[in-house]
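*Asks:* From the sequence below, what's the structure:
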Amino acid sequence: MTPEYLKTSLSPGSGVVTSYMDSAGVTEPLNKLGFTTAGYGCMTCIGNSGELPDEVTNAINELDLVASAVLSGNRNFEGRVHPLTRANYLASPPLVVAYALAGTVDIDFEVDPVGKDSEGNDVFLKDLWPSRSDVEKVVAENVTPKMFKDFYSNTLTRNQRWNKLEAPTGNLFTWTEDSTYIHLPPFFAGMTKEVPQAMTPIKDAYCLLNLPDSITTDHISPAGNISKTSAAA
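*Replies:* Residues are numbered from 1 along each chain as shown. Sure, this is the predicted structure:
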């Protein structure tokens, strides 16, 4: 099992993943390890996988710890997976599970055990890692074109709650002044299609943001929660 201080989550990019994981018999073992499917798409990788245990949050803040995250995704910015994770690493899905079992990123899988079995014997990554032929066999038997056809054939009708939402129609987006999420960019106001407007002098301008090194878009405009002590706040 994974240590209690770890936060684990699984958010595949497609619902088809659930189909072939169920077919391959790996869903239940992953559930027992804490990798329960919590949603789909860009969720875990943009910090929307939920909060850390209070004890972990308090320890990181009070002791100024450099907490780590291991993600099977494409972004390893500081704070991307969670605002409190400063060290973020990318790895394949099996390696993410292996690091979770080990409970640390400070491990050399060549010489350090991932954990122990029921009899107390050391278990190494090489003992768990499947061969290429094993993987190919599982893929050939459980990832089929029919799964994709069945799942995506009803994409437009699957979510009735979404389909019942009232939405404007037309070729252009209907901007609203009271939206708290998206606004018409002010630099589009008064813009014409035919003749570009002449450049006008910029007067009395001031710096909007003056930030130190190692600041990314995830600090300025995080997709998840915005901490009161963050650069975004």
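
*Asks:* Residue 137: what secondary structure?
*Replies:* Under DSSP: H, G, I helix; E, B strand; the rest coil, residue 137 falls in the helix class.

*Asks:* For this protein, give me the ranges with low pLDDT.
*Replies:* For the chain, applying pLDDT under 70 flags the ranges 224.

*Asks:* list the contacts for the most centrally placed residue in the chain?
*Replies:* Centroid-nearest residue in the chain: residue 45, 1.4 Å away (criterion: C-alpha atoms, centre = their mean). With C-beta atoms under 8 Å, 6 or more residues apart in numbering as the criterion, the residues that contact residue 45 are 11, 71, 73, 74, 75, 80, 81. For the C-beta atoms, the positions are set from N, CA and C on the backbone; glycine is no exception.

*Asks:* Over to residue 175?
*Replies:* Residue 175 neighbours (C-beta under 8 Å, 6+ apart): 183, 184.

*Asks:* any idea where the strands of the chain begin and end?
*Replies:* Secondary structure of the chain (DSSP state E): strands located at 67-71, 85-90, 115-116, 122-123.

*Asks:* just to revisit the earlier point, what's the ChimeraX line that selects buried ones from the contacts of residue 45?
*Replies:* The buried subset of these, as determined by 16 or more other C-beta atoms under 10 Å, is captured in ChimeraX by this line:
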select :11,71,73,80,81
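
*Asks:* Report the contact partners of the nearest residue to residue 45 once chain neighbours are set aside.
*Replies:* Spatial nearest neighbour of residue 45, chain neighbours left out: residue 73 (3.8 Å); criterion: C-beta to C-beta, 6 or more residues apart in numbering. Residues near residue 73 by C-beta under 8 Å, 6+ apart: 44, 45, 90.

*Asks:* Residue 90 is in contact with residue 77, correct?
*Replies:* No - with contact defined as C-beta atoms under 8 Å, residue 77 does not count as touching residue 90 (10.9 Å).

*Asks:* Other residues contacting stretch 107-127?
*Replies:* The contact list for stretch 107-127 (C-beta under 8 Å, 6+ apart) reads 98, 99, 101, 102, 128.

*Asks:* and if you look at stretch 216-227?
*Replies:* 42, 46-48, 75, 77-80, 82-83, 209, 211, 230-233.

*Asks:* How about stretch 139-155?
*Replies:* 14, 15, 16, 19, 20, 23, 24.

*Asks:* Stretch 90-97 now?
*Replies:* 30, 33, 35, 70, 71, 72, 73, 74, 76, 99, 129.

*Asks:* pull the CA atoms of that stretch into CSV?
*Replies:* Taking only C-alpha atoms (Å, rounded to 0.1, in the frame of the first residue of the first chain), the coordinates of stretch 90-97 have been written out as CSV:
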residue,chain,number,x,y,z
LEU,A,90,7.4,13.7,-15.1
ALA,A,91,7.3,9.9,-15.4
SER,A,92,5.5,7.1,-17.1
PRO,A,93,2.3,5.8,-15.4
PRO,A,94,4.0,2.6,-14.0
LEU,A,95,6.8,4.8,-12.6
VAL,A,96,4.2,7.1,-10.9
VAL,A,97,2.8,4.1,-9.1
